[in-house]
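>>> quick one: sequence plus predicted model below, questions after.
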Amino acid sequence: MPLLDLHHVAIKSKNLAETEKFYAKVLGMKKVVRPKFAFPGLWFEMGETMFHFYGGDAAKTHAGNYKYNQNLSPVDHIALKAKGFDEMKEVCKKYRCNWRQFDIPDFKLWQLFVLDPSGVIIELNFDVTKEPRGSKGPNGHNKFIAGRPFK
């Protein structure tokens, strides 16, 4: 179950228009198709690495505003490519991690979100087409399924 690579970085944005302008015009990243989630956002790619930005209420702090500081960063989570979903899920259970799982069939993607001891969410992305034969994944559900809820 070795980790493979960085999949994407997710960043909260208080102004998606300015964010799009900066990443497209200033940095020259390519805007790519994003699934239709219930909140606004943008996806960009840089080589093999994706940058996901989300706005609206999803980008607000717990206090309900857009004020970020060193203790509350606009970077939400770190996503890594991985393989061996079923094995990793069992490891999460074994070590009583706080985790949740997600299935995105349109993208042939299984995900495990695991909370690290410091409260950082680590998103592990598994390409379904590269998973071992007989893998179960997130039980075929097309929604978040709590393993052990995040605190």
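Structure's in. What do you need?
>>> ok, I104 touching R34?
No: the criterion here is CB atoms under 8 Å, and I104 misses it with R34 at 11.9 Å. In this view, the C-beta of every residue, glycine as well, is placed from N, C-alpha and C.
>>> would you map the strands across the chain?
3-12, 30-32, 41-46, 49-54, 75-82, 99-104, 109-115, 121-127, 145-148 (DSSP state E).
>>> what does the shortest one rub up against?
Among residues not part of strand 30-32, those counted as contacts by CB atoms under 8 Å, 6 or more residues apart in numbering are E20, Y23, A24, L42, W43, F44, E45, M46, M50.
>>> let's see the pLDDT reported for the first one.
So the one you mean is E20. If you check E20, the pLDDT there is 91.
>>> with the fifth one instead?
Turning to W43, the model gives it a pLDDT of 97.
>>> same question for the last one.
The predicted structure scores M50 at 93 on the pLDDT scale.
>>> state the distance from it to G119.
As judged by CB to CB, to the nearest Å, M50 and G119 stand 23 Å apart.
>>> the third one too?
When distances are taken as CB to CB, A24 and G119 turn out to be 32 Å apart.
>>> got the end-to-end distance for stretch 39-48?
Across stretch 39-48, the terminal residues are separated by 24 Å (CA to CA, to the nearest Å).
>>> who touches that stretch?
Residues beyond stretch 39-48 that count as contacts (CB under 8 Å, 6+ apart) turn out to be 5, 13, 16, 19-20, 23-24, 27, 29-34, 50-58.
>>> so which of the contacts of strand 30-32 is the closest to L80?
Comparing the contacts of strand 30-32 against L80 with CB to CB picks out M50 as the nearest, at 11.9 Å.
>>> tell me the pLDDT at the closest residue to the closest one other than its chain neighbours?
Residue nearest to M50 in three dimensions, not counting chain neighbours: H8, with 3.6 Å by CB to CB, 6 or more residues apart in numbering. Note for H8: predicted pLDDT of 92.
>>> if we ignore the residues flanking it in sequence, what's nearest F44?
M29 (4.0 Å).
>>> residue contacts, that neighbour?
Y23, F44, E45, M46, F51.
>>> just the buried subset of the residues you listed, written out for PyMOL, thanks.
Buried residues within the contacts of M29, by 16 or more other CB atoms under 10 Å, are selected in PyMOL with:
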select buried, resi 23+44+51
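>>> save the contacts of M29 as a markdown table, and put in distance to Y95 too.
What follows is these, written out as a markdown table (distance: CB to CB, whole Å):
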| residue | distance to Y95 |
| --- | --- |
| Y23 | 36 |
| F44 | 34 |
| E45 | 33 |
| M46 | 33 |
| F51 | 30 |
